[in-house]
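Colleague: can't give you the sequence, but here's the structure:
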């Protein structure tokens, strides 16, 4: 439309490649953007599908204002993962909005709203795609209004505001509760389906099977109702299980962490399940405990994801049993606390000993960065709750 893009800030490789081909400067940090805007203000700042909260003083560097694209109808669905929360609420009408940026999150004046209808089979992926299409049309409308000076802004009715913070998670960490209606189970599965190429930072839909959980990849609501108790395993096929719910029956397909569908018959054999058996049903107290534990850990998920992506087994320079010339001989020595440590508090004493152990490992392995895993003391409020123990790793 004839406007000049001065600079883009993005962490997306595809977008960065487009910017390079278009000869548009691409920067990688908020600090760099702030420095650039301090030296050279711009007319407008647009925050589009942006996971970062930009500092308020940055927007004073835009002579005519700053605007944000939000993938939901404000003020009803402010915050993160708006499309997933709308699917969980089984909404049929939806919208995207462009709004002015002010000091609050998704709280500025509305300038463009585009309606988006939700289909009964929509997933988070398909609804997000249609929202992005509506956002493109809305952006054209926004730019036209800005260029002609005919942009109409209206304040949000904040009394109707609902805000979904980044730490919030679905009921029971996405575990299906078979005594709920088939529509509820379908909504949970579709709301957490981000497709094979998009990171799912909310949680995966899953089902308790025996003393373990299995990822649910698809769930289809059937027109019939068997009348058997919820959780009853009605039929076992190679591709799916047929399960009774609190309403209609459903067909459920399972998958592995790699995204591949699992053989449903083999899965049943692995857990010694047969037609007529019942799958575990979470109680209300169990579901609330799982939700609380998940939301407590949610702010740390990005940290642990980055750590686990860097994880590698430490290669120690010892001969393995297969190449050792002499058989192993074990020797034990008495344990003692050096006098220098005996004066310390027990917690400090442990930390000193662990530090010494890590320094020893670093020296013999030639590594300067090490990760040590340990099992923390259990949270007494969760003690004995098998469902939480299955879902949450004991080692950190």
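Modeller: Ah, there it is. These figures come from a predicted structure and were not determined experimentally. Residues are numbered from 1 along each chain as shown.

Colleague: average pLDDT across whichever helix or strand residue 215 is part of?
Modeller: Applying DSSP states H and E as the criterion places residue 215 in strand 212-221. Averaged across strand 212-221, pLDDT comes to 95.

Colleague: got the contact list for that strand?
Modeller: With contacts defined as Cβ atoms under 8 Å, 6 or more residues apart in numbering, strand 212-221 is touched by 175-176, 182-183, 185-186, 189, 204-207, 240, 248, 250-257, 261-262, 267, 271, 390-391. Quick note: C-beta positions are derived from backbone N, CA and C, even for glycine.

Colleague: if you set the cut-off to 6 Å instead, what comes out?
Modeller: 182, 185-186, 189, 204-207, 248, 250-255, 261, 390 (Cβ atoms under 6 Å, 6 or more residues apart in numbering).

Colleague: and residue 27, what does it touch?
Modeller: So residue 27 contacts 9, 33 (Cβ under 6 Å, 6+ apart).

Colleague: which phi and psi does it have?
Modeller: Torsion angles at residue 27 (phi, psi; degrees, to the nearest 10) stand at phi -110, psi 160.

Colleague: so for it, what's the pLDDT?
Modeller: 89.

Colleague: partners of it in the sheet?
Modeller: Here residue 27 shows beta-bridge partners residue 9, assigned using DSSP bridges.

Colleague: quick check: which element contains the closest residue to residue 368 other than its chain neighbours?
Modeller: Distances taken as Cβ to Cβ, 6 or more residues apart in numbering place residue 362 nearest to residue 368, at 6.4 Å, with adjacent residues excluded. Element membership for residue 362 (DSSP H and E) is helix 346-365.

Colleague: tell me which residues in that helix are buried?
Modeller: By neighbour count on 16 or more other Cβ atoms under 10 Å, the buried set for helix 346-365 is residue 349.

Colleague: for the stretch 51-200 of the chain, which segments count as helices?
Modeller: Taking DSSP state H, counting those that start in this stretch as the test, the helices found in the stretch 51-200 of the chain are 82-88, 124-148, 182-191.

Colleague: which regions of this protein sit below the pLDDT cut-off?
Modeller: 319-337, 378-385 (pLDDT under 70).

Colleague: can I see the domain layout of it?
Modeller: Listed by automatic domain parsing, the domain ranges of the chain are 66-164, 174-281, 286-319+334-391.

Colleague: using a markdown table, lay out the ones you listed together with distance to residue 25.
Modeller: Formatted as a markdown table, the domains of the chain follow (distance: least, Cβ to Cβ, whole Å):
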| stretch | distance to residue 25 |
| --- | --- |
| domain 66-164 | 19 |
| domain 174-281 | 27 |
| domain 286-319+334-391 | 27 |
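
Colleague: out of those domains, which is closest to residue 16?
Modeller: Ranking the domains of the chain by proximity to residue 16 (Cβ to Cβ) places domain 174-281 first, at 17.1 Å.

Colleague: quick one: end-to-end length of the closest one, please.
Modeller: End-to-end distance of domain 174-281 (Cα to Cα, to the nearest Å): 13 Å.

Colleague: let's have the chain start at 36 instead
Modeller: Okay, using 36 as the starting number, the last item reads as domain 209-316.

Colleague: what about residue 157, distance to residue 58?
Modeller: In this view, residue 157 and residue 58 are 38 Å apart by Cβ to Cβ, to the nearest Å.

Colleague: of those two, which one has the most company?
Modeller: Neighbours of residue 157 and residue 58, each counted by other Cβ atoms under 10 Å, are more numerous for residue 157; the result is 24 against 7.

Colleague: and the gap between the more buried one and residue 127?
Modeller: Counting by Cβ to Cβ, the gap from residue 157 to residue 127 is 10 Å.

Colleague: what sits against the residue lying closest to residue 129 once chain neighbours are set aside?
Modeller: Using Cβ to Cβ, 6+ apart and skipping residues adjacent in sequence, the residue nearest residue 129 is residue 151, 4.6 Å away. By Cβ under 6 Å, 6+ apart, residue 151 lies in contact with 129-130, 165-166, 169.

Colleague: now with 10 Å?
Modeller: Contacts for residue 151 (Cβ atoms under 10 Å, 6 or more residues apart in numbering) come out as 106-108, 118, 121, 128-131, 157, 162, 165-166, 168-170.

Colleague: among the helices of the stretch 86-235 of the chain, which is nearest residue 84?
Modeller: In terms of Cβ to Cβ, the element of these nearest to residue 84 is helix 159-183, at 7.6 Å.

Colleague: the closest one - contacts with which helices or strands?
Modeller: Helix 159-183 sits against strand 77-82, strand 97-105, helix 117-123, strand 128-135, strand 145-152, helix 217-226, with contacts defined as 3 or more Cβ pairs under 10 Å, 6 or more residues apart in numbering; DSSP states H and E.
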